[in-house]
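Peer 1: got a predicted structure plus its sequence, pasted below:
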2 protein chains.
Amino acid sequence: MNSVEAVDLKKSYLLLNHGPVTLVSSAHAGRTNVMAASWAMPLDLDPAKVVVVIDRQTLTRELIEASGEFVLNVPARAIAEQVLAVGSNSGRELDKFAAFGVRTAPASRVAAPLIEGCVGWLECRLIPEAHNQQRYDLLIGEVLAAWADPRVFRKGRWSFPDDSLRTLHYVAGGSFFATGEMFDVA
Amino acid sequence: MNSVEAVDLKKSYLLLNHGPVTLVSSAHAGRTNVMAASWAMPLDLDPAKVVVVIDRQTLTRELIEASGEFVLNVPARAIAEQVLAVGSNSGRELDKFAAFGVRTAPASRVAAPLIEGCVGWLECRLIPEAHNQQRYDLLIGEVLAAWADPRVFRKGRWSFPDDSLRTLHYVAGGSFFATGEMFDVA
């Protein structure tokens, strides 16, 4: 695992604010899974919360609702192939970690793992909201801990020293945008 | 207004899938407003739905809840200064359209206007969910009509012929990322 630095929870929304694709990792009772989710974003600053859409038919959904926990991982371009692969296959049919060489490290507050090759990580507990989950597949989480790769996110600021470390924005059908040029408006 | 083309509702999520910042326009009883929202994303494909976080103290929130309607506009880099300005000022204190030279065109299904200089537009009706609105400032909308600037989004595919037409991803404090390079994973 690359070196990681703790991110102040009140600044953890910055890991998602620009709308990157995420990997959602989950674990319960000895089963672990990872999937891709484009529909994830911050919901609140303090306490930090997130929302993510997770289809009810997925193993990820089952594991999150059973454990009450998940991690939102923010992948870098270097693992774009893995992002597509874990987003295109079901954990009910294969072990995606073994099948696609997805490596993990332990999280600090939840059983779900941190995914290597990512540059940001938000460890979350599910805030149960049965109506949202059942009607909209919408899950709300409170961020319990957050981490970033200090090469790209440090003291609340992004920088990309290398294109392989850029975050990703999913388009469709195997196409992504890399996060592009940063600029300031006066 | 640039030429616009209708977007099939089932493909309208593609206007938001990559996580761009949005402008939220609203209107009710002769009052009209526009603000910036980074926390907006698709929620469902068919019928197309979106979620957006709108603080309860904003005029936008008041106009949306009174009218039951809003538009999510996807701005291009050419109007980044306007995006920052309408995101940093309250419609309770000034007419942001006049103050910042924000031009509009009529929408087709809602009273809220389409914002010029954007490249995508989603006309929405609010799906009332009192608990989400009151507890989380989270609003759910059904997409009634969608439009795109055909120079950048056509038949479900993005392309950016000019950097000034790239969509934006908000960072913080006046900083944005432009949407970057598109690439395909095999």
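Peer 2: Great, that's in hand.

Peer 1: burial measure for the nearest residue to A:Glu129 once chain neighbours are set aside, as a count.
Peer 2: Once flanking residues are discounted, A:Glu129 sits nearest to A:Ile140: 5.5 Å by CB to CB, 6 or more residues apart in numbering or on different chains. No exception for glycine: its C-beta is placed from N, CA and C like everyone else's. Burial of A:Ile140 is recorded as 22 neighbouring residues (other CB atoms under 10 Å in any protein chain shown).

Peer 1: pretty sure A:Ile140 belongs to a helix, no?
Peer 2: No. Counting by DSSP: H, G, I helix; E, B strand; the rest coil, one finds A:Ile140 to be strand, located in no helix.

Peer 1: just give me the neighbour total for the residue in chain A positioned nearest to chain B.
Peer 2: Chain A approaches chain B most closely through A:Gly19 (1.6 Å), counting by CB to the nearest CB. A:Gly19 is flanked by 31 other residues according to other CB under 10 Å.

Peer 1: now it: how far from A:Phe177?
Peer 2: 10 Å (CB to CB, to the nearest Å).

Peer 1: what touches both of these two?
Peer 2: Common neighbours of A:Gly19 and A:Phe177 (criterion: CB atoms under 8 Å, 6 or more residues apart in numbering or on different chains): A:His169, B:His18.

Peer 1: contacts only, for the closest residue to the residue of chain A closest to chain B other than its chain neighbours.
Peer 2: Nearest residue to A:Gly19, sequence neighbours excluded (CB to CB, 6+ apart): B:Gly19, at 1.6 Å. Counting by CB under 8 Å, 6+ apart, B:Gly19 touches A:His18, A:Gly19, A:Pro20, A:Val21, A:Ser38, A:Met41, A:His169, B:Met41, B:His169.

Peer 1: so where do the helices sit in chain A?
Peer 2: In chain A, the helices defined using DSSP state H lie at A:59-67, A:80-88, A:96-100, A:130-136.

Peer 1: and the last one, what other elements does it pack with?
Peer 2: This points to helix A:130-136. The contact analysis (3 or more CB pairs under 8 Å, 6 or more residues apart in numbering or on different chains; DSSP states H and E) places helix A:130-136 against strand A:138-148.

Peer 1: isn't A:Tyr13 up against A:Pro47?
Peer 2: No. A:Tyr13 lies out of contact with A:Pro47 (CB atoms under 8 Å); the separation is 10.9 Å.

Peer 1: which residues in chain A form strands?
Peer 2: Secondary structure of chain A, counting by DSSP state E: strands at A:5-6, A:22-28, A:31-37, A:40-45, A:48-53, A:69-75, A:104-105, A:114-115, A:118-127, A:138-148, A:153-154, A:157-158, A:168-172, A:175-184.

Peer 1: would you turn the ones you listed into a markdown table with mean pLDDT?
Peer 2: Converted to a markdown table, these look like this (pLDDT from 0 to 100):
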| stretch | mean pLDDT |
| --- | --- |
| strand A:5-6 | 98 |
| strand A:22-28 | 98 |
| strand A:31-37 | 98 |
| strand A:40-45 | 98 |
| strand A:48-53 | 98 |
| strand A:69-75 | 98 |
| strand A:104-105 | 98 |
| strand A:114-115 | 98 |
| strand A:118-127 | 98 |
| strand A:138-148 | 98 |
| strand A:153-154 | 96 |
| strand A:157-158 | 96 |
| strand A:168-172 | 97 |
| strand A:175-184 | 98 |
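
Peer 1: what's the closest of the ones you listed to A:Leu63?
Peer 2: Closest to A:Leu63 of the strands of chain A, according to CB to CB: strand A:22-28, at 3.8 Å.

Peer 1: just the angle between that closest one and strand A:40-45, please?
Peer 2: 80 degrees (axes from the mean of the first three to the mean of the last three CA atoms, to 10 degrees).

Peer 1: re the thing from before, got the strands of chain A as TSV, with distance to B:Leu126 columns?
Peer 2: Formatted as TSV, the strands of chain A follow (distance: least, CB to CB, whole Å):
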stretch	distance to B:Leu126
strand A:5-6	38
strand A:22-28	26
strand A:31-37	24
strand A:40-45	18
strand A:48-53	17
strand A:69-75	27
strand A:104-105	40
strand A:114-115	36
strand A:118-127	23
strand A:138-148	16
strand A:153-154	35
strand A:157-158	33
strand A:168-172	27
strand A:175-184	29
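
Peer 1: contacting residues around the residue nearest to A:Glu129?
Peer 2: Here A:Ile140 is in contact with A:Leu43, A:Lys49, A:Val50, A:Val51, A:Leu126, A:Ile127, A:Glu129, A:Asn132, B:Tyr136 (CB under 8 Å, 6+ apart).

Peer 1: identify the bridge partners of the third one.
Peer 2: If I follow you right, that is A:Val50. A:Pro42, A:Gly141 (DSSP bridges).

Peer 1: re earlier: out of the contacts of A:Ile140, who's nearest A:Phe70?
Peer 2: A:Leu126 (6.8 Å).

Peer 1: which residue, other than its chain neighbours, is closest to that closest one?
Peer 2: A:Gly68 (4.7 Å).

Peer 1: pull the contacting residues for the one you found.
Peer 2: If you count contacts by CB under 8 Å, 6+ apart, A:Gly68 has them with A:Arg125, A:Leu126, A:Pro128.

Peer 1: now for the last one: which residues touch it?
Peer 2: So that's A:Pro128. Here A:Pro128 is in contact with A:Gly68 (CB under 8 Å, 6+ apart).

Peer 1: and it, how far is that from A:Gly141?
Peer 2: 11 Å.

Peer 1: cool, A:Gly30 as well?
Peer 2: 22 Å.

Peer 1: between those two, which one's more packed in?
Peer 2: Neighbours per residue (other CB under 10 Å) separate A:Gly30 from A:Gly141, with A:Gly141 holding more: 26 against 6.

Peer 1: all good on my end, thank you.
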